[in-house]
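[1] Here's my sequence, what's the structure:
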Amino acid sequence: MYIALGVGLALIVALLYVNLSAGERRVSQEIEHLYPVGDPQFYQAMGMLLGPDIVAGNRVQALNNGDEIFPSMLAAIRGARGTILFETFIYWSGEIGDAFAQALSERARAGVKVHVLLDWLGSIKVEERLVEEMKRAGVEVYRFHPLRWYNLGRINNRTHRKLLIVDGRVGFTGGVGIAPSWTGHAQDAGHWRDSHFRVEGPVVAQMQSVMLANWSKASGRILHGEAYFPPLQPAGSLPAQMFHSSPNGGSESMQLMVLIAITAAVKTIDIASAYFVPDEMARIALVAALQRGVRVRVITPGQKIDTQVVRHASRALWGELLEAGLQMHVYQPTMYHCKVVIVDGLLASVGSTNFDPRSFHLNDEANLNVYDTGFAAQLTRIFEQDLERCTPCTLAQWRARPLHEKLRERVTSWLAPVL
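    Predicted coordinates for the structure are as follows:
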């Protein structure tokens, strides 16, 4: 009996280690500030050292909250003529889940090749009837890392990506999930504040490639050909790249991208993050930027948040950042789920990535990086509109927290590496 118990405990420890480890050595030394965001060396680092090429000729439309986001996504799906690829973390039952299932099914019945990849954990609240209805209509549906014995070592690796690509020409990415909380216009505590982006131009091919990499992992099939990668003409004037990361390859690339952007900043950094839990390297980079005279503003949720543990762990880490001059703003009306980083009014990085260890090391993530002052200015205006619905947290207020809150947050912060 003792032997069996020992073996069982050893297996549990091994599974925990495998699931909580990114599998690659993490960045452990401060990145030196060598050039600003506008310098050609910055573009070299972002496009050649870290990610795919930065490609010109794109158009990106910012969409705010469900009332803008879902009609645009559904219109693209209903207008599909050849292919639809859809990867998402959250897909739950409800009116909006039904609407997506019906639109995808209708296109499949019309002969469009429809491929849907749902994260197993994130879609655990979807009624199986919806999935079966889609399958009967001809939609190919797969779950990412379902609970199976052969997936136990990867059960903590989730696809947190939000990608929709229609006919290889129109893409969507951002923070929105397919669930009732994302409907509406952030009008009350039951309807979340979020952002999503409609994309056209050559960078859509990169979005397609990111989606197809996980599709091949889940299905064992490679999708290729002109139906998926049609010739793409310029649709606008924006330079962009589709950045991605995964623990199975390049788990540090998303964090490196963010750290290099912060390290290059000389004027401003604005961070909108649903889960702001900066690890040691991120805190070092932010403090160094503040010491260079960079203005750093952060918006993160207040008490209206879906995961209180993350909120407590986040607040425990604010001290040294506030001491260095970081401006912390706490969103009040509802859950704040945006994921945006704007650096020096030039780089805007948007997508699925939160500013936390889970996004940087454990999840599959995808971010669209846009290099344009006009687009960055537009997102800065939206950021500042959100600031009007926030309450600032000063260093004095942070220090004056009740003792029981400090203790709870300190204990919770020990979980930060896996949040």
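
[2] can you give me phi and psi for the most centrally placed residue in the chain?
    When the chain is reduced to its mean C-alpha position, the nearest residue by CA atoms, centre = their mean turns out to be residue 352, at 1.3 Å. Reported as degrees, to the nearest 10, the phi and psi values for residue 352 are phi -100, psi -10.

[3] same deal with the one 5 residues further on?
    Reported as degrees, to the nearest 10, the phi and psi values for residue 357 are phi -60, psi -30.

[4] give me the low-pLDDT residue ranges for this structure?
    1-28, 149-154, 249-251, 419 (pLDDT under 70).

[5] where do the helices sit along it?
    Remark: helices assigned in the chain by DSSP state H are 2-20, 40-44, 65-78, 95-109, 128-137, 203-219, 253-264, 280-291, 308-316, 319-324, 357, 373-387, 395-399, 403-413.

[6] Select, out of the ones you listed, the one closest to residue 115.
    Distance to residue 115, taken as CB to CB, is lowest for helix 203-219 among the helices of the chain, at 6.0 Å. Quick note: C-beta positions are derived from backbone N, CA and C, even for glycine.

[7] unless I'm mixing things up, residue 342 is touching residue 270, no?
    Yes: with contacts counted by CB atoms under 8 Å, residue 342 reaches residue 270, the gap being 4.3 Å.

[8] Looking at the two, which one has more neighbours?
    Taking other CB atoms under 10 Å, residue 342 and residue 270 do not tie; residue 342 has more neighbours (27 against 23).

[9] Now for the more buried one: which residues touch it?
    Contacts here follow CB atoms under 8 Å, 6 or more residues apart in numbering; on that basis residue 342 touches 268-270, 348-349, 376, 379-380, 383.

[10] ditto for residue 227
    With CB under 8 Å, 6+ apart, residue 227 has these contacts: 82-83, 113, 168.

[11] what do you get if the cut-off is 6 Å, keeping everything else the same?
    82-83 (CB atoms under 6 Å, 6 or more residues apart in numbering).

[12] Next: residue 119.
    Contacts for residue 119 (CB under 6 Å, 6+ apart) come out as 89, 144, 158-159.

[13] Kindly reformat the residues you listed as CSV and extend each row with neighbour count and distance to residue 130.
    Listed next are those as CSV, based on neighbours: other CB atoms under 10 Å; distance: CB to CB, whole Å:
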residue, neighbour count, distance to residue 130
89, 22, 16
144, 26, 17
158, 20, 20
159, 28, 19
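
[14] and those residues, which two are the farthest apart?
    89 and 144 (8.8 Å).

[15] Hmm, residue 205 and residue 55 touching each other?
    No: Residue 55 is beyond contact range of residue 205, at 8.3 Å (criterion: CB atoms under 6 Å).

[16] hang on, isn't residue 176 packed against residue 70?
    No: using CB under 6 Å, residue 176 makes no contact with residue 70, being 7.9 Å away.

[17] Tell me which of those two has more neighbours.
    In terms of neighbours (other CB under 10 Å), residue 176 is the more surrounded of residue 176 and residue 70; the figures are 28 against 20.

[18] Ramachandran coordinates for that one?
    Residue torsions, per degrees, to the nearest 10, at residue 176 are phi -80, psi 140.

[19] what about it, distance to residue 337?
    Separation of residue 176 from residue 337 (CB to CB, to the nearest Å): 8 Å.

[20] where do the contact lists of these two overlap?
    residue 194.

[21] Scan this protein for its longest strand.
    strand 55-64 (DSSP state E).

[22] Please enumerate the strands of the stretch 151-300 of the chain.
    Assigned by DSSP state E, counting those that start in this stretch, the strands in the stretch 151-300 of the chain fall at 163-166, 170-174, 195-200, 238-245, 268-273, 295-301.

[23] Include distance to residue 75 when you put those strands into a markdown table, please.
    What follows is the strands of the stretch 151-300 of the chain, written out as a markdown table (distance: least, CB to CB, whole Å):
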| stretch | distance to residue 75 |
| --- | --- |
| strand 163-166 | 10 |
| strand 170-174 | 10 |
| strand 195-200 | 10 |
| strand 238-245 | 22 |
| strand 268-273 | 26 |
| strand 295-301 | 29 |
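
[24] For the contacts of residue 342, pick the one with the most neighbours.
    Comparing those by number of neighbours (other CB under 10 Å), residue 348 comes first, having 29 neighbours.

[25] So it sits against residue 376, correct?
    Yes: between residue 348 and residue 376 there is a contact at 4.7 Å, judged by CB under 6 Å.

[26] State the phi and psi torsions of residue 183.
    Dihedral pair for residue 183: phi -80, psi 170, per degrees, to the nearest 10.
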